[in-house]
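**Q** structure for this input, please:
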Amino acid sequence: MEERILEHLAQIEKERNIEILFAVESGSRAWGFASPDSDYDIRFVYKHKKEWYLNLWETKDTIEFMTEDDLDGSGWDIRKALRLLAKSNASFTGWLFSPVVYRANEQFLEELKQLANENFNPIAGFHHFHAMNKGFEETLGTDKMTLKSFFYTIRTALCANWIAKKNAIPPVYFKEMYELLPADYHAKIDAVIQLKSERIEKSTDPVSEELITLVRQIIAENNSLRDSLQHTKANQEAFNSFFFKYV
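**A** Have a look, this model is predicted:
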């Protein structure tokens, strides 16, 4: 499938006359708890020729595609991506730190990660995950809860918890956040990850009450920590300098 993905990205570059700066996997395959029927969520950042940025009128700055073989693609122009990163957009930091990289200008990617870390706003990141978590939390312990919704709930809860405790961008790969949990839970969650890898996305296999209680405890802790977060502002000149360097 990776070869197919690379072929499609090369085709987009040719058709759109752009350069893809990096392309990664997003979603459950990057998080480390995919199901057999999970889509491939391809996310990428690209740039146009320099003259494109001198256009007097605003033009489309996104590219999207969906193929018959489950490739779900979405790309942002570098200017759009940097504007969102300056706001600590959590969707974009999820792309940026994905462990599954299909292709990249390595220097660009590493310098962009550094820019993201140095300008991260904990309040923006925390509230993104905490707000998402509220919707997923409603299904916990009910007949509407699927394995997918359980993992979305625990992941968003741990991401918010990571930010509240470390004032840093949370890891994309789910198991890297295990350090926030007592060690005796690790194998129990691993077992549910293994189960999800064998089941379809909408599987309703039961999750132990012990793990559901754990998630509720994390959410409660997040509620107690949210007012202690500090707001930080992005260094706009650093973003401008980065943009000029790569465009």
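
**Q** any low-confidence regions in this protein?
**A** Of all residues in the chain, none has pLDDT under 70.

**Q** tell me how far the residue most central in space within it lies from P170.
**A** Geometric centre of the chain, nearest residue: G94, 2.4 Å, by CA atoms, centre = their mean. From G94 across to P170, the span is 9 Å (CB to CB, to the nearest Å). Yep, even glycine has a C-beta here, placed from its N, CA and C like the rest.

**Q** swap in A187?
**A** The value you get for A187 to P170, if CB to CB is used, is 22 Å.

**Q** repeat that for L115.
**A** Per CB to CB, L115 is found 17 Å from P170.

**Q** more neighbours, the two?
**A** For L115 versus P170, the count of surrounding residues by other CB atoms under 10 Å is larger for P170: 24 against 20.

**Q** can you give me phi and psi for that one?
**A** phi -70, psi 150 (degrees, to the nearest 10).

**Q** test my guess that it contacts L158.
**A** Yes. Under the criterion of CB atoms under 8 Å, P170 makes contact with L158 at 7.2 Å.

**Q** name the residues contacting each of the two.
**A** Counting by CB atoms under 8 Å, 6 or more residues apart in numbering, the contacts common to P170 and L158 are M177.

**Q** which secondary structure elements does the helix ranked longest in the chain contact?
**A** Secondary structure of the chain per DSSP state H: the longest helix is helix 147-166. Helices and strands touching helix 147-166, by 3 or more CB pairs under 8 Å, 6 or more residues apart in numbering; DSSP states H and E, are helix 28-31, helix 122-137, helix 186-198, helix 209-225.

**Q** let's have these in TSV, adding mean neighbour count and distance to R103.
**A** As requested, the helices and strands packed on helix 147-166 are exported to TSV (neighbours: other CB atoms under 10 Å; distance: least, CB to CB, whole Å):
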stretch	mean neighbour count	distance to R103
helix 28-31	21	15
helix 122-137	18	27
helix 186-198	15	26
helix 209-225	15	35
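
**Q** possible to save the ones you listed as TSV with distance to W57?
**A** As requested, those are arranged in TSV below (distance: least, CB to CB, whole Å):
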stretch	distance to W57
helix 28-31	35
helix 122-137	30
helix 186-198	47
helix 209-225	43
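
**Q** now do stretch 171-183: everything it contacts.
**A** Under CB under 8 Å, 6+ apart, the answer for stretch 171-183 is 30-33, 94, 97-99, 151, 155, 158-159, 161-162, 165, 170, 185-186, 189-190, 193, 214, 218.

**Q** let's go with 6 Å and repeat that
**A** Defining contact as CB atoms under 6 Å, 6 or more residues apart in numbering, one finds that stretch 171-183 is touched by A30, W31, G32, G94, F97, S98, P99, R155, L158, N161, W162, H186.

**Q** OK, contacts around the last one?
**A** In this case it means H186. The contact partners of H186, taken as CB under 6 Å, 6+ apart, are Y178.

**Q** how about the first one?
**A** A30 sits next to S98, V100, V172 when contact means CB under 6 Å, 6+ apart.

**Q** do the same with the fourth one
**A** Contacts were defined as CB under 6 Å, 6+ apart; by that measure G94 touches V172.
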